[in-house]
Structure formats: C-alpha cells, structure tokens
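Undergrad: Just to be clear, the model below is a prediction. Sequence and coordinates:
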Amino acid sequence: MAKEHRYEATVTWTGNQGTGTSGYKAYGRDHEITAPGKPPIPGSSDPAFRGDPARYNPEDMLVASLSACHMLWYLHLCSRDGIRVTAYDDRATGVMAEDAGGSGGGRFTSVTLSPQVTIAAGDPDHARALHAEAHRLCFIANSVNFPVEVRPRITLAG
C-alpha cells in the first residue's frame with residue numbers, strides 16, 4: 001500500500017467591507033492562509049480581478065509551489081550524488097489564459113522554471129541532468145495538467 005501524507009490549510013476571507021458580497025465592487029478579495037503551527041500568508045486575488053497587488057494570489061502560489069517542489073527534489077538529488085550546491089535561485093513564470101467569451105473561467109497553460117544554480121563541487125553536466133530527475137519526482141509537477149518546462153543554468157563557484 002502506498003504511503004499517504006495529509007495536509008491542512010485554512011483560508012479565511014477578511015475582505016468584508018461592511019456589506020458582504022452585495023455587489024462585485026463591494027467586497028475585498030483579501031484573505032489569510034494558515035496552517036497549524038505556521039505563520040499566516042496574506043492572500044488576495046490577482047490585481048486583474050480587483051485583488052491587492054501587495055498580497056499573494058492563488059496563481060503566485062501555484063507557480064511558487066512548482067518551483068519550490070522542484071528545488072527541494074533537486075537539492076536532495078545533488079546531496080545524494082556529491083554535487084555541492086551553494087546557491088539556487090529560480091525566477092519561475094506561469095501563463096494563465098482566461099476562457100473566451102467572458103465566462104470567468106480559465107486555466108494555466110504552462111509554467112517555466114529557470115533555476116540558476118551555483119555549484120562548488122561536482123560535474124556540471126551531471127548537475128544539469130539532475131533537473132530532469134527532479135522534475136520527474138516533483139509531487140506538484142506530477143499533479144498538474146499543463147506543461148512545466150525546466151530551463152536550468154549551472155555556474156561553477158569561484
């Protein structure tokens with residue numbers, strides 16, 4: 001039997017400006033995301049949908065989840081294979097398309113991860129190849145129905 005892991009999060013809407021959802025412009029999109037024992041994350045909708053640009057939106061969080069999952073697998077694989085990573089930075093980007101006709105729906109069509117990795121020890125070609133294995137193992141990438149492309153760049157320290 002496969003091992004299962006369970007996760008819990010609470011999303012609490014904090015955007016009631018006095019009249020609830022009495023109209024599209026009458027309520028804020030602000031919310032707070034919490035999980036047991038962790039600090040809260042301020043959330044909102046994308047500014048294109050009347051959200052607060054200073055808060056994380058679900059689309060930001062999806063792109064960040066893909067990036068973080070890939071990074072964590074990659075670091076694990078590097079440590080296993082004797083590649084010493086000293087820096088990792090990914091400027092991940094996602095593309096979401098709204099449905100035609102203004103129905104309000106939409107979907108992500110792609111995410112591109114662009115990890116910039118600095119290594120102090122190990123073979124740069126092997127370090128680059130491990131990105132494919134990290135992508136194959138990433139729980140989040142295995143859970144989405146759109147392509148996730150990985151474009152790594154490896155730099156030797158010093």
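TA: Right, received. Where do you want to start? Just so it is clear, the structure is predicted and the values come from calculations on it, not from any experiment.
Undergrad: Would you mind splitting this protein into its domains for me?
TA: According to automatic domain parsing, the chain comprises the domains 10-49, 58-156.
Undergrad: Go through the protein and flag its longest helix.
TA: The longest helix of the chain (DSSP state H) is helix 58-80.
Undergrad: got the CA coordinates for it in PDB?
TA: C-alpha atoms of helix 58-80 as PDB (Å, rounded to 0.1, in the frame of the first residue of the first chain):
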ATOM      1  CA  PRO A  58      -3.500  31.700  -5.900                       C
ATOM      2  CA  GLU A  59      -1.700  31.900  -9.200                       C
ATOM      3  CA  ASP A  60       1.500  33.200  -7.500                       C
ATOM      4  CA  MET A  61       1.200  30.300  -5.000                       C
ATOM      5  CA  LEU A  62       0.800  27.700  -7.700                       C
ATOM      6  CA  VAL A  63       3.900  28.900  -9.600                       C
ATOM      7  CA  ALA A  64       5.800  29.100  -6.300                       C
ATOM      8  CA  SER A  65       4.700  25.600  -5.300                       C
ATOM      9  CA  LEU A  66       6.100  24.100  -8.600                       C
ATOM     10  CA  SER A  67       9.300  26.000  -8.200                       C
ATOM     11  CA  ALA A  68       9.800  25.000  -4.500                       C
ATOM     12  CA  CYS A  69       9.000  21.400  -5.100                       C
ATOM     13  CA  HIS A  70      11.500  21.200  -8.000                       C
ATOM     14  CA  MET A  71      14.200  22.900  -5.900                       C
ATOM     15  CA  LEU A  72      13.700  20.600  -2.900                       C
ATOM     16  CA  TRP A  73      14.000  17.500  -5.000                       C
ATOM     17  CA  TYR A  74      17.000  18.900  -6.900                       C
ATOM     18  CA  LEU A  75      18.900  19.700  -3.700                       C
ATOM     19  CA  HIS A  76      18.200  16.200  -2.400                       C
ATOM     20  CA  LEU A  77      19.500  14.600  -5.600                       C
ATOM     21  CA  CYS A  78      22.600  16.800  -5.600                       C
ATOM     22  CA  SER A  79      23.400  15.900  -2.000                       C
ATOM     23  CA  ARG A  80      22.900  12.300  -2.800                       C
END
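Undergrad: which residues are in contact with it?
TA: With CB atoms under 8 Å, 6 or more residues apart in numbering as the test, helix 58-80 has contacts from 41, 43, 45-46, 56, 84-85, 88, 90, 92-94, 96, 108, 111, 113, 115, 117, 119, 122, 127, 130-131, 133-135, 137-141, 144, 148, 150. (Glycine included, C-beta is placed from N, CA and C.)
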